[in-house]
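*Asks:* kindly return the folded structure for what I paste below:
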Amino acid sequence: GKKVTLAKSITLHIAGSCSKKYTNVKSVSLNKNSYTIKKGNTLQLMPKRSRYDRKKRLSTKHTKPFRFLSSNKSVATVSVNGKIQAKRSGVCNIYVFAANGCNKKVRVRVR
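*Replies:* Residues are numbered from 1 along each chain as shown. As a prediction, this is how the structure comes out:
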C-alpha cells in the first residue's frame, strides 16, 4: 500500500518528421567540457543548439529551450536558467537537455 517512485525521467517534445513548420535539435554545444570553480562561487552555462533543418524553427511553446540536471546536488546545484552554484568540494556532472532529449554533459570540479 506504500507509494514508491522507482525512477524519474524528463518529458520530451519532439517534432514529427512530416512537420512543415518545426524541426528538432541536432546537437547541444557548450564552450568547455569541464569547469573548476571554488566553493561558494557561481558559474553561468551558455548552451547553444543546432537544428536539423535551418529553414524550420524549434517549438518552444510547451517547454524551455534547455533543462539542466546535476548528478550530485551536494557538490553543485544548477538552476532552471543554467546557473551552477558550488556547494562543497567534489566532482559532479551537469547535464544540459534540449527539448527533444538531445544532451551534453559537463564535468564540474569544486575546490
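*Asks:* is residue 72 in contact with residue 92, as I believe?
*Replies:* Yes: contact status for residue 72 versus residue 92: in contact at 3.8 Å, counting by Cβ atoms under 8 Å. C-beta: built from backbone N, CA, C; applies to glycine.
*Asks:* how about residue 62, nearest residue that isn't a chain neighbour?
*Replies:* residue 13 (5.3 Å; Cβ to Cβ, 6 or more residues apart in numbering).
*Asks:* for the one you found, give me phi and psi.
*Replies:* Backbone torsions for residue 13, taken as degrees, to the nearest 10, come to phi -130, psi 110.
*Asks:* wait, what's in contact with it?
*Replies:* 59, 62-63, 99-100 (Cβ atoms under 8 Å, 6 or more residues apart in numbering).
*Asks:* go on, residue 106?
*Replies:* Taking Cβ under 8 Å, 6+ apart, one finds 30, 32-35, 45, 93-96 in contact with residue 106.
*Asks:* do the same with residue 14
*Replies:* 24, 99-101 are the contacts of residue 14 under Cβ under 8 Å, 6+ apart.
*Asks:* still on that earlier bit, apply the buried test to the contacts of residue 106 and list what passes.
*Replies:* 30, 35, 45, 94-96 (16 or more other Cβ atoms under 10 Å).
*Asks:* now those in a markdown table, with secondary structure, distance to residue 18 and pLDDT?
*Replies:* Below are the buried ones among the contacts of residue 106 laid out as a markdown table (DSSP: H, G, I helix; E, B strand; the rest coil; distance: Cβ to Cβ, whole Å; pLDDT from 0 to 100):
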| residue | secondary structure | distance to residue 18 | pLDDT |
| --- | --- | --- | --- |
| 30 | coil | 32 | 95 |
| 35 | strand | 40 | 97 |
| 45 | coil | 34 | 96 |
| 94 | strand | 35 | 97 |
| 95 | strand | 30 | 96 |
| 96 | strand | 28 | 96 |
